[in-house]
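Asker: Sequence below, structure please.
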Amino acid sequence: MGKPANRGKGKQELEEGFSLVELLIVVIIIMVIAAIAIPNLLRSRMLANESSAVSSMRQICTAQGTYSSSWSTGYAPALANLGGPAPCMVATAAAACLIDPLLSTGGFVKSGYVYNAAGTRPDANGVLNGFEVNATPVQVQVSGVRAFCSDASGVIKFVTPGAAPIGVAAGACAGVATVPGSSGPVGN
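Answerer: Okay, here's the model as predicted:
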């Protein structure tokens, strides 16, 4: 007869599993990988929010042009006039159904940015001959770094840091100076 398979082997050699030291090494490796990946993930999210803000700014500028040509009041007096509740069925001067309801209702917040817009430069008949629009991060360095603005010229400008005092008064965006790395027009 042959020998039993476990004869001559110690008790420790028969046990299977990981030791505490091996488990700690694995946990440390996972923590190092997470420490490298999480900041990159957050930075990517901020860049995505900024791209969304620029896209929304372009949509608002286009909607202002459409609004101006559709009603005889010039540009929309407020951001709420460009949109409407979802689903927007009938376009009126009060709710033009031109932009996403996220931008035109409630807190005007979309993708980590707060939006504001106003018609400017009324003439003697009350026709608004200009507009200002801006987007500011909800929380600077978390949802975005730069604030954005535009006006009837259609040029989108940025200001860093995002808590910039860009208002919606006539000429507010035109007054943003071009300072390399700090403010100026957004590239196409």
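
Asker: how close does Ala170 get to Leu128?
Answerer: 10 Å (CB to CB, to the nearest Å). All C-beta spots, glycine's among them, are computed from the backbone N, C-alpha and C.

Asker: overlap in contacts of the two?
Answerer: Counting by CB atoms under 8 Å, 6 or more residues apart in numbering, the contacts common to Ala170 and Leu128 are 120-121.

Asker: Mind listing what's buried along stretch 172-183?
Answerer: 172-173, 176, 183 (16 or more other CB atoms under 10 Å).

Asker: Name the residues that touch that stretch?
Answerer: Stretch 172-183 is contacted from outside by 132-134, 149-151, 153, 155, 157-160, 164, 166, 184-185, using CB under 8 Å, 6+ apart.

Asker: Please name the nearest non-neighbouring residue to the most centrally placed residue in the chain.
Answerer: Centroid check for the chain by CA atoms, centre = their mean gives Asn49 as the closest residue, at 2.8 Å. Closest residue in space to Asn49, ignoring its immediate chain neighbours: Gly112 at 4.1 Å, by CB to CB, 6 or more residues apart in numbering.

Asker: how about stretch 67-87: buried residues?
Answerer: Quick answer for stretch 67-87 (16+ other CB under 10 Å): 67-68, 71, 73-77, 79-84.

Asker: So what sits opposite the nearest residue to Ala78 once chain neighbours are set aside in the bridge?
Answerer: Nearest residue to Ala78 in three dimensions, chain neighbours excluded: Ala118, at 6.1 Å (CB to CB, 6+ apart). Beta bridges link Ala118 to Ala78, Glu132, judged by DSSP bridges.

Asker: Could you report the neighbour count for Ala118?
Answerer: 20 (other CB atoms under 10 Å).

Asker: Look up how far Ala86 lies from it.
Answerer: Ala118 is 23 Å from Ala86, by CB to CB.

Asker: on that earlier part again, for the residue nearest to the centre of the chain, pull up the helix or strand it's in.
Answerer: Here Asn49 is covered by helix 20-70, with elements defined by DSSP states H and E.

Asker: any weak-confidence spans in this protein?
Answerer: Low-confidence segments of the chain (pLDDT under 70): 1-15, 162-165, 188.

Asker: can you do 50?
Answerer: The model of the chain has no residue with pLDDT under 50.

Asker: Can you point out the helix or strand that includes Ser150?
Answerer: Assigned by DSSP H and E, Ser150 falls in strand 147-151.

Asker: buried sites along that strand?
Answerer: Buried-residue list, strand 147-151, by 16+ other CB under 10 Å: 147-151.

Asker: ok so, going back, name only those of the contacts of stretch 172-183 that count as buried.
Answerer: Neighbour counting by 16+ other CB under 10 Å classes 132-134, 149-151, 157-160, 164, 166, 184 among the contacts of stretch 172-183 as buried.

Asker: In CSV: these, plus distance to Ile38.
Answerer: Converted to CSV, the buried ones among the contacts of stretch 172-183 look like this (distance: CB to CB, whole Å):
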residue, distance to Ile38
Glu132, 37
Val133, 33
Asn134, 30
Cys149, 31
Ser150, 33
Asp151, 38
Lys157, 31
Phe158, 26
Val159, 27
Thr160, 23
Ala164, 27
Ile166, 31
Gly184, 31
